[in-house]
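A.B. asks: just a sequence and a predicted model for now, questions to come.
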Amino acid sequence: MKIALVAARPKIADKKTNIETMKKYINKEKADLYVFGELFLCGYRCKDELRDLAEPIDGPSIKEMKKVAAENSCYIIFGMPLKDENIKGLIKNAAVMVHPNGKVDVYKKWFLPTFGPFEEKIFFDEGEELKVFETRFGRIGVLICYDIYFPEIAKAYTLQGADMLVCISASPSTTRKYFERLFPARAIENTVFVVYSNLVGTQEDLVFWGGSQLYTPLGELVAKTTLFKEEIKVVDVDFNELEQARAVRPVLRDLRPEIYHDLYELSRRHKS
C-alpha cells in the first residue's frame, strides 16, 4: 500500500481553497491513501465560525472529495467539522475517510482538549464510536490529535483487527516533543503501523510543526516530512510485516483481558 504523508497548510474558513489544496497534493504524487491533517477542510482556528462551516455527511465537500477519490482510485482521509446526524446544533471534530468506490467512513474525536490554547469542548461534542475502517489493503483505526495520548483507543482498534493506526492532527510546536514520543510507543504496544499527518504553518497564535511521519509495528521511523515545511512523502507499506512483528513482540498474545475490568473499577473510583 502506498501512503501519502501530507504536511500542508489549510486556509482558515476557506473550504473551497482547502479542497483545491487537497486535489493539488493528490495530483502531485500517486498513492493508494492520502492523509491530511485535523480540520483540514476549514482550518483549525475557526472558533465560532465552526458551526457555520460544519456540513452533514452528505454535504457538498464530502461529495466533491468522493469524486476525487473515484477519479484517482484512492482513499483520502481528512479532518472537518461534521454536523450531528440526529441533533440539530451539535457538531463533531471528525476524520472522514472517502473510499474509491464512494463509501464514506467517519471517526468522531473522543478526547477534546480544553486547556492552554485549545478550546475544543466549547465548540464540539465528543465522539462515542470506535469503528475500524476496512480497505482492500487492510484495516485502519483513525484517531485525531489528543486521542493519541490515550492508549485505550489504540488498543480498542487493535483488538478489532486494525493493521494501521492513522492519527490526523493540529499539533503546535509546543507539543511536538510529546507527540513524537507517543508514536513509536503506540506502534510497539500494539504491533501496528502508525501514520501521523499534521498541519503546518501559522494560524493566529499557533505555529503547527508539520512533520507527518510513519512508523513500523516495532516502532521504527520509516519516513518524515521536513519540519515546518509543506511537503508530501509517499511510503510503501507491506502489511505482511505484521506477522513477523507479532512473533518478535507478542504483546497481543500476552494481553490479559481481565485488566480492563480492573481499569474500569479503578477509573470509577478515581472519578468519585
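C.D. replies: Arrived safely. Residues are numbered from 1 along each chain as shown.
A.B. asks: contacting residues around the helix or strand bottoming out on mean pLDDT in the chain?
C.D. replies: Every helix and strand of the chain was ranked by mean pLDDT, DSSP states H and E. The lowest is helix 258-271, at a mean of 85. For helix 258-271, the external contacting residues (CB atoms under 8 Å, 6 or more residues apart in numbering) are residue 152. Where you see a C-beta, it was placed from the backbone N, CA and C, and this is true even at glycine.
A.B. asks: same deal with stretch 218-236?
C.D. replies: Residues contacting stretch 218-236 (CB under 8 Å, 6+ apart): 1-9, 25, 28-31, 173, 184-185, 187-188, 191, 200-201, 207, 209-216, 245, 248-249.
A.B. asks: can you say which of those are buried?
C.D. replies: Among the contacts of stretch 218-236, those classed as buried by 16 or more other CB atoms under 10 Å are 1, 3-9, 25, 31, 184, 187-188, 191, 200-201, 209-216, 245, 249.
A.B. asks: need the strands for this structure, in chain order.
C.D. replies: With DSSP state E as the criterion, the chain has strands at 2-7, 33-35, 75-83, 91-98, 104-108, 133-134, 139-144, 164-169, 193-198, 200-203, 206-209, 213-215, 221-224, 231-236.
A.B. asks: from the middle of its chain, how far away would the least confident helix or strand of the chain be?
C.D. replies: 27 Å (CA atoms, centre = their mean, to the nearest Å).
A.B. asks: same question for stretch 219-227.
C.D. replies: The answer for stretch 219-227 is 16 Å, by CA atoms, centre = their mean.
A.B. asks: buried residues in it?
C.D. replies: Across stretch 219-227, burial judged by 16+ other CB under 10 Å covers 219, 222, 224, 225.
A.B. asks: what's the neighbour count on the nearest residue to residue 96 once chain neighbours are set aside?
C.D. replies: Distances taken as CB to CB, 6 or more residues apart in numbering put residue 106 closest to residue 96, at 5.5 Å, once the chain neighbours are dropped. Here the number of neighbours of residue 106 (other CB atoms under 10 Å) works out to 19.
A.B. asks: residue 99 is in contact with residue 106, correct?
C.D. replies: No - using CB atoms under 8 Å as the test, residue 106 is too far from residue 99 to be in contact (11.9 Å).
A.B. asks: gap between residue 121 and residue 111?
C.D. replies: As judged by CB to CB, to the nearest Å, residue 121 and residue 111 stand 10 Å apart.
A.B. asks: okay, those two: which has more neighbours?
C.D. replies: residue 111 (19 against 13).
A.B. asks: ok, the more buried one - contacts?
C.D. replies: Residue 111 is in contact with 126, 146, 147, 149, 150, counting by CB under 8 Å, 6+ apart.
A.B. asks: same question for residue 54.
C.D. replies: Counted by CB under 8 Å, 6+ apart, residue 54 has contacts 80, 81, 82, 83, 91.
A.B. asks: change it to 10 Å
C.D. replies: Counting by CB atoms under 10 Å, 6 or more residues apart in numbering, residue 54 touches 41-42, 46, 80-84, 89-94, 123-124.
A.B. asks: just the buried residues of these.
C.D. replies: Buried residues within those, counting neighbours by 16+ other CB under 10 Å: 41-42, 46, 80-83, 91-94, 123-124.
A.B. asks: mind putting these into JSON lines with distance to residue 240 and pLDDT?
C.D. replies: Formatted as JSON lines, those follow (distance: CB to CB, whole Å; pLDDT from 0 to 100):
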{"residue": "41", "distance to residue 240": "34", "pLDDT": "98"}
{"residue": "42", "distance to residue 240": "38", "pLDDT": "98"}
{"residue": "46", "distance to residue 240": "42", "pLDDT": "95"}
{"residue": "80", "distance to residue 240": "33", "pLDDT": "98"}
{"residue": "81", "distance to residue 240": "37", "pLDDT": "98"}
{"residue": "82", "distance to residue 240": "35", "pLDDT": "98"}
{"residue": "83", "distance to residue 240": "40", "pLDDT": "98"}
{"residue": "91", "distance to residue 240": "40", "pLDDT": "98"}
{"residue": "92", "distance to residue 240": "35", "pLDDT": "98"}
{"residue": "93", "distance to residue 240": "34", "pLDDT": "98"}
{"residue": "94", "distance to residue 240": "31", "pLDDT": "98"}
{"residue": "123", "distance to residue 240": "42", "pLDDT": "97"}
{"residue": "124", "distance to residue 240": "38", "pLDDT": "98"}
